[in-house]
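**Student:** Provide a 3D model corresponding to the input given below.
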Amino acid sequence: MLYHYPSLHLDTGSPKALLTVIDAVRSCGVTPLFLAKGEGPLTDALRARAVEIVEGTGGDISWRTPLASVRRLSRMLDLLREHSIHVVHNNELGWNTDLLFAARYLGVGSLVHLHNPGTLSRRNLNWRLASRVVLVSNAMRRSVQPFDWIAEKAEVIHNAVDVGAFASARPAREELGLPSSAIVVATVGQITPRKAPDVTIEVARRLLPRHPDLHFVFVGRTPKGDEAFEARLRLAAQEYVAQGRLLFLGSRHDVARILASSDVFFHPARAEPFGIVVIEAMAAGLPVVAAHVGGIPEIVGKPDTGILVPPDDVSGFCAALEHLLASPHHRAAMGRTARHYVRSRFSTDAAGPAWVRLYRDICSRAKGRSGVLHRLPWPRFRSRRNDQELATEPSSDEP
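**Tutor:** All right, here's what the predicted structure looks like:
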């Protein structure tokens with residue numbers, strides 16, 4: 001298997017989901033390879049798992065740069081042949097990617113793994129080239145437009161989580177400066193309007209004066225362009241930030257330890273295709289209060305695993321949190337039920353066989369189905385120009 005994701009960060013849901021797919025299928029006998037150029041947290045995590053990193057990067061095919069496109073395709077053909085790849089797993093839709101063109105040319109199976117809803121473009125050939133399209137939730141299946149274009153090749157496979165890693169994580173309360181008596185509400189997500197951190201701030205401003213032991217913890221990076229939004233949040237929460245009762249921790253690679261230090265998980269997102277952080281929190285044994293949006297109801301499907309509230313309903317969120325704050329025994333029981341539920345439905349042990357079945361089906365269907373691309377006279381040669389020079393040429397029809 002050859003996996004590809006163009007970014008090497010590890011502080012959003014898509015790369016974390018990719019890691020859990022790789023963890024799940026390795027236990028079923030699949031040999032994963034990862035296509036990457038450069039170093040980053042994602043490649044560090046893959047090397048820690050002894051996953052082979054194949055040097056290279058996917059690029060776009062464009063009629064505007066025919067020579068560069070042919071060179072890119074030639075390199076990908078050589079790479080797929082050299083490593084005897086059976087299936088290519090592209091962890092995003094991308095745009096007319098040479099990797100998917102090369103796979104189709106050779107009759108190698110491929111899939112695109114969609115983590116965010118959107119509108120398909122007729123000019124984007126990736127969804128046409130891919131053998132299958134995998135969506136992370138039924139809610140996302142309903143939101144992709146026009147879904148009819150991919151209906152025959154689409155399948156829903158929920159994201160998974162290593163339950164054991166979150167269930168056994170060591171708390172970090174002392175390192176975070178949290179008192180042993182503190183009741184901690186954690187929220188994990190990017191500091192961006194879609195994740196509704198402004199709702200969390202307003203909920204905190206209402207609840208903190210009424211509950212002296214209550215603390216809120218934010219984990220998540222601020223995407224480029226949302227710096228002013230984050231600054232306004234910090235200003236609005238300045239009083240409680242100064243008291244140490246509201247912590248902005250930024251991007252963290254020890255989310256499991258933060259969750260192990262918490263008592264309740266709060267996720268008021270305004271949009272959420274799936275919500276991998278929700279199953280991580282449930283795996284950590286936390287009761288969940290979350291917005292009833294996107295794929296979250298597919299996770300918090302039972303009232304004894306969490307409480308769902310309409311998005312932007314600050315009063316409703318406050319009431320749900322106070323219900324849990326009032327009863328430590330109820331919180332603990334709900335957390336235990338949540339962990340059991342995740343273990344049975346969203347663990348890597350449960351996801352592995354589903355992915356392997358899909359890969360085997362792709363392999364069996366891909367044999368002898370290279371199609372018209374295989375009859376095109378693509379030359380096999382290597383450019384004397386280095387990759388850096390090629391990368392400076394415009395290579396796609398759209399951003």
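**Student:** ok, now which ones touch Pro15?
**Tutor:** The neighbourhood of Pro15, defined by C-beta atoms under 8 Å, 6 or more residues apart in numbering, consists of Tyr5, Ser7, Leu8, His9, Leu42, Asn91. Backbone N, C-alpha and C define where each C-beta goes, glycine included.
**Student:** that one falls within a helix, correct?
**Tutor:** Yes. Applying DSSP: H, G, I helix; E, B strand; the rest coil, one finds Pro15 inside a helix.
**Student:** coming back round to it: of the contacts of Pro15, which is the nearest to His330?
**Tutor:** Set against His330, the nearest of these by C-beta to C-beta is His9 (37.1 Å).
**Student:** how about low-confidence regions in this structure?
**Tutor:** For the chain, applying pLDDT under 70 flags the ranges 367-399.
**Student:** apply 50 and report the result again.
**Tutor:** The chain contains residues with pLDDT under 50 at 370-399.
**Student:** ignoring the adjacent residues along the chain, who's closest to Gly244?
**Tutor:** Nearest non-adjacent residue to Gly244, counting by C-beta to C-beta, 6 or more residues apart in numbering: Gly177, 6.1 Å away.
**Student:** could you give the number of residues near that neighbour?
**Tutor:** Using other C-beta atoms under 10 Å, Gly177 is surrounded by 10 other residues.
**Student:** next, it: phi, psi?
**Tutor:** Dihedral pair for Gly177: phi 80, psi 20, per degrees, to the nearest 10.
**Student:** gap between it and Arg339?
**Tutor:** Relative to Arg339, Gly177 is positioned 27 Å away (C-beta to C-beta, to the nearest Å).
**Student:** again, but for Gly164
**Tutor:** To Arg339, Gly164 is 11 Å away according to C-beta to C-beta.
**Student:** between these two, who's got more neighbours?
**Tutor:** When neighbours are counted by other C-beta under 10 Å, Arg339 comes out ahead of the other of Gly164 and Arg339, with 20 against 13.
**Student:** thinking that one is in contact with Ala283, fair?
**Tutor:** Yes. Contact criterion C-beta atoms under 8 Å: Arg339 and Ala283 qualify, at 5.9 Å.
**Student:** shared neighbours of the two, anything?
**Tutor:** Val163, Ala167.
**Student:** would you map the strands across the stretch 151-300 of the chain?
**Tutor:** Ranges of strands in the stretch 151-300 of the chain, per DSSP state E, counting those that start in this stretch, are 154-156, 183-188, 214-219, 246-248, 264-267, 288-291.
**Student:** relative to Leu249, how far out is the residue nearest to Gly244?
**Tutor:** Computed with C-beta to C-beta, the distance linking Gly177 and Leu249 is 11 Å.
**Student:** do the same with His211
**Tutor:** Taken as C-beta to C-beta, the span from His211 to Leu249 is 21 Å.
**Student:** and if you look at Val278?
**Tutor:** Distance check for Val278 against Leu249: by C-beta to C-beta, it reads 18 Å.
**Student:** so those two - more neighbours on which side?
**Tutor:** Using other C-beta under 10 Å as the criterion, Val278 and Leu249 rank with Val278 on top: 29 against 16.
**Student:** how about the more buried one: what's its closest non-neighbour residue?
**Tutor:** Nearest non-adjacent residue to Val278, counting by C-beta to C-beta, 6+ apart: Ile299, 5.1 Å away.
**Student:** give me the neighbour count for that neighbour.
**Tutor:** Neighbour count of Ile299, defined by other C-beta under 10 Å: 29.
**Student:** then Val288?
**Tutor:** Neighbourhood size, Val288 [other C-beta under 10 Å]: 26.
**Student:** quick one: it and Phe265 touch, right?
**Tutor:** Yes. Applying C-beta under 8 Å as the test, Val288 and Phe265 come out as touching, 4.9 Å apart.
**Student:** what sits in contact with each of these two?
**Tutor:** Common neighbours of Val288 and Phe265 are listed as Val278, Ala281, Met282 (criterion: C-beta under 8 Å, 6+ apart).
**Student:** can you give me the neighbour number for Phe216?
**Tutor:** Residues contacting Phe216 under the criterion other C-beta under 10 Å number 25.
**Student:** tell me who's in contact with it.
**Tutor:** Going by C-beta under 8 Å, 6+ apart, Phe216 touches Val184, Val185, Ala186, Thr187, Thr200, Ala204, Leu208, Tyr240, Arg245, Leu246, Leu247, Phe266.
**Student:** re the thing from before, give me the buried entries from the contacts of Pro15.
**Tutor:** For the contacts of Pro15, a neighbour count by 16 or more other C-beta atoms under 10 Å gives the buried set as Tyr5, Leu8, Leu42, Asn91.
**Student:** the second one against Ala36, yeah?
**Tutor:** Same thing as Leu8. Yes. With contact defined as C-beta under 8 Å, Leu8 counts as touching Ala36 (6.3 Å).
**Student:** now do the shared contacts for these two.
**Tutor:** Leu42, Thr43.
**Student:** please name the bridge partners of the closest residue to Asn90 other than its chain neighbours.
**Tutor:** Residue nearest to Asn90 in three dimensions, not counting chain neighbours: Val112, with 4.8 Å by C-beta to C-beta, 6+ apart. Residues in a beta bridge with Val112, per DSSP bridges, are Asn90, Val133.
**Student:** ok, now which ones touch Val112?
**Tutor:** Shown in contact with Val112 (C-beta under 8 Å, 6+ apart): Asn90, Glu92, Leu93, Gly94, Leu100, Asn126, Trp127, Ala130, Val133, Val134.
**Student:** now do the same contact list for Leu207.
**Tutor:** For Leu207, the contacting residues are Leu214, Cys318, Leu321, Glu322, Leu325, by C-beta under 8 Å, 6+ apart.
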